[in-house]
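> Okay, structure incoming, though there's no sequence with it:
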Ligand SMILES: Nc1nc2c(c(=O)[nH]1)N[C@H]1C(S)=C(S)[C@@H](COP(=O)(O)OP(=O)(O)OC[C@H]3O[C@@H](n4cnc5c(=O)[nH]c(N)nc54)[C@H](O)[C@@H]3O)O[C@H]1N2
Ligand SMILES: Nc1nc2c(c(=O)[nH]1)N[C@H]1C(S)=C(S)[C@@H](COP(=O)(O)OP(=O)(O)OC[C@H]3O[C@@H](n4cnc5c(=O)[nH]c(N)nc54)[C@H](O)[C@@H]3O)O[C@H]1N2
Ligand SMILES: [Mo]
């Protein structure tokens, strides 16, 4: 096909195909794949991409090892051993599909479609491989719906309460910022390509502040690290508002024109004087005073919060509260000022999602289950109908969900019929009755919107699917066929689905078509270079103004004003365990690859010297980390990176230091955050003691 996306490089070099990474990450890197004789020989960053600039991360630099990995699942498998043991035998697609059809049809007759739960997350965040035919088939057959809310939803709830939606500034505009606050995000590790933009801003005079209880690599590289106590960011932000209002640093013109509730807020924040609340935040009153004044007076000032705040009990309130700051200071007026979180919902709002997902197919009254509650729901004796079958794709819930033991207990239920579609025999797949092989990103077509920049990318398949692997869309076409469906819209091709999604009249998508994307590989959203979403208000709330006081929250039974929310604290002798992302794993992905395990190294829990001394622990020894939900074995790393009372351990590996397949999520609570979404992963409290195994040795 001579459509420009297959570029000819030097004669004889084979073809060069444009694509884009589909991992669950803000960066959505553009890449080029060199193909020779049907095999991908090299995959590297597309140097022409203005944001990802030809650099890939520590994982995707080795993407082809993942594609051609000897342990990749290439054929359908049927379990032969006990659930969880990971013993399977190869079967044909035909056998797999007949068994699924037969089991599902029986379940549908006996319990109804709701007894089948398709469970997925953003393991592939490309548009149609994330959601398309799955939603159509599930809607038509009345399968239980899933609230995919573990990542992003809580932030969206919180931001929307204040500003009406989660929209922020164009991440590339951070170059214009003069004060950049990385608030609960480890940019260098998780959002690599934003860092050069931040460094450019710094070279033009910007200051970089990191607010994080852990001294991460990003905190280390910043100009100022505020080691806040976990969960108390609401109090910090309220104390900042106190100072800003007290010292007359409010942009009254902006506040009067574009917000409501200023009087109530000013009254409310009087109680949050820095010297009164400093202790709660773990910072000194002087630090808070200085931070507040710099934040308000150095413009443009920019807040960049990501996942760290969301994984707390008061997660939604954290975002609701933070979002009041740029309203008070009028930071939104300035190019590079305001707030910048995910650009994902923004991009989706421009696509024709209605016609792609066909939500009108959904049967009225069909239940929606929260992904966080998978373990509970599988074990529930009250759920009607009970979940009888799971179809899991784009996700590894046996590791990534909180309260891992509960999830695993649910997955071992004898009467449960579990199908897992993945590239590897993940911990979840080990519990499956049937495992189906999934394609990698270089084997399927997709459009990849980004949640970290304003480019939309087209990912072209570079090679044919390995073995008998199929893309998610093809899986759902096969499932529809084996269930005897004949509706043509269940069998649309990937190209048709993408063309449907791109049939949009949104002005920012003008000039962006299937053809132009194929030709260019990626395109920038069509907005003026100087684009400031709320420079002149325009907040999409009920009042049309930013709501410092929210009638809606009041009606919904929440506090109307930004407030501390429920801040969980460690009990006596306990440590609060933060489990952030790692450099060499992508959530739990890549943890099966020796290279990446080697780079990540041994499983270490970082604890402060005081806490180690109190427990008689020394650096490097094996410790047992435990609470009422479970235990894991790790090595003790005495570190100044964490304050007393806080411990840090990486999220993502699947085996602990005792060689057991268990993960820090066997310690985390499956507890909703304040307004019902997500999970308070980081409100985990543990004890740490010398490992008995070590004593024996
Ligand atoms: N290399 C790599 N990149 C990734 C991922 C990966 O697994 N590996 N995962 C991707 C995904 S799914 C996501 S959602 C993003 C997430 O991107 P980030 O938000 O950057 O994720 P984390 O590295 O977990 O950073 C969260 C930070 O919040 C801090 N934190 C915890 N509690 C609090 C608190 O109470 N207050 C404050 N202020 N900070 C707190 C943690 O110490 C941690 O440093 O990264 C994406 N990119
Ligand atoms: N303790 C703790 N727990 C956390 C977090 C934390 O910070 N700490 N972070 C949370 C967050 S922010 C997130 S987003 C979740 C992530 O949780 P999950 O979404 O479960 O993430 P992964 O472990 O990456 O699992 C994705 C799976 O999808 C598979 N996959 C990739 N592409 C495809 C495809 O095209 N088709 C199919 N069928 N499968 C594919 C991958 O191989 C991988 O096994 O974890 C959450 N859990
Ligand atoms: Mo995430």
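Nice, thanks for sending it over. Computed from a predicted structure; not experimentally measured. Ligands and ions are numbered 1, 2, ... in the order given.
> show me the contacts for the residue in the chain that ligand 1 sits nearest to.
Residue of the chain nearest ligand 1, by C-beta to the nearest ligand atom: residue 308 (2.0 Å). All C-beta spots, glycine's among them, are computed from the backbone N, C-alpha and C. When contacts are counted by C-beta atoms under 8 Å, 6 or more residues apart in numbering, residue 308 touches 183, 184, 185, 186, 212, 578, 580, 682.
> can you redo the residues you listed as a markdown table with pLDDT, secondary structure and distance to ligand 1?
Below are the contacts of residue 308 laid out as a markdown table (pLDDT from 0 to 100; DSSP: H, G, I helix; E, B strand; the rest coil; distance: C-beta to the nearest ligand atom, whole Å):
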| residue | pLDDT | secondary structure | distance to ligand 1 |
| --- | --- | --- | --- |
| 183 | 98 | strand | 5 |
| 184 | 98 | coil | 3 |
| 185 | 98 | coil | 4 |
| 186 | 98 | coil | 4 |
| 212 | 98 | coil | 4 |
| 578 | 98 | strand | 5 |
| 580 | 97 | coil | 3 |
| 682 | 97 | coil | 5 |
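> any idea which of those residues is closest to ligand 2?
Nearest member of those to ligand 2, counting by C-beta to the nearest ligand atom, is residue 580, at 5.7 Å.
> quick one: the closest one from residue 134, how far?
Residue 580 is 30 Å from residue 134, where distance means C-beta to C-beta, to the nearest Å.
> Over to residue 147?
15 Å.
> More neighbours: those two, which one.
Neighbours were counted for residue 147 and for residue 134 using other C-beta atoms under 10 Å; residue 134 has more, 23 against 15.
> so how far is residue 27 from that one?
Taken as C-beta to C-beta, the span from residue 134 to residue 27 is 25 Å.
> if we look at the lengthiest helix in the chain, which residues are touching it?
Using DSSP state H, we find that the single longest helix of the chain is helix 93-111. Helix 93-111 is contacted by residues 76, 78, 115-116, 141, 385-386, 388-389, 417, 419, 433-434, 436, 468, 478-479, 481-484 when judged by C-beta under 8 Å, 6+ apart.
> Just the buried ones from these?
76, 115-116, 141, 386, 388-389, 417, 419, 433-434, 436, 478-479, 482-483 (16 or more other C-beta atoms under 10 Å).
> ok, of those residues, which one's closest to ligand 2?
When the buried ones among the contacts of helix 93-111 are compared against ligand 2 (criterion: C-beta to the nearest ligand atom), the nearest one is residue 436, at 7.9 Å.
> Contacts only, for the closest one.
Going by C-beta under 8 Å, 6+ apart, the list of residues near residue 436 reads 73, 76, 96, 419, 420, 421, 470, 475.
> right, and the helix or strand after the strand or helix carrying it?
In the assignment (DSSP states H and E), residue 436 maps to strand 434-437. Reading on from strand 434-437 to the C-terminus, the next helix or strand found by DSSP H and E is strand 446-448.
> helices or strands next to that following strand in the packing?
helix 127-130, strand 455-459, helix 494-501 (3 or more C-beta pairs under 8 Å, 6 or more residues apart in numbering; DSSP states H and E).
> what comes into contact with it?
By C-beta under 8 Å, 6+ apart, strand 446-448 touches 20-22, 28, 124-129, 456-459, 494, 498, 501-502, 517.
> Give the full set of residues in contact with residue 299.
178, 179, 329, 331, 334, 337.
> Can you classify the residue nearest to the third one when sequence neighbours are not counted by secondary structure?
Distances taken as C-beta to C-beta, 6 or more residues apart in numbering place residue 296 nearest to residue 329, at 4.8 Å, with adjacent residues excluded. Residue 296 falls in the helix class when you classify it by DSSP: H, G, I helix; E, B strand; the rest coil.
> ok, residue 296 - contacts?
240, 243, 244, 247, 249, 250, 328, 329 are the contacts of residue 296 under C-beta under 8 Å, 6+ apart.
> Let's see that with 7 Å instead.
244, 249, 329 (C-beta atoms under 7 Å, 6 or more residues apart in numbering).
> Residue 346 now?
residue 167.
> So what's the gap between the strand or helix carrying it and the chain middle?
Using DSSP H and E, the secondary-structure element containing residue 346 is helix 344-348. Put simply, helix 344-348 sits 14 Å off its chain's centre (C-alpha atoms, centre = their mean, to the nearest Å).
> Could you pull out the buried residues of that helix?
344, 345, 346, 347.
> Looking at those residues, which is nearest residue 488?
For the buried residues of helix 344-348, the minimum distance to residue 488 (C-beta to C-beta) is 28.1 Å, reached by residue 347.
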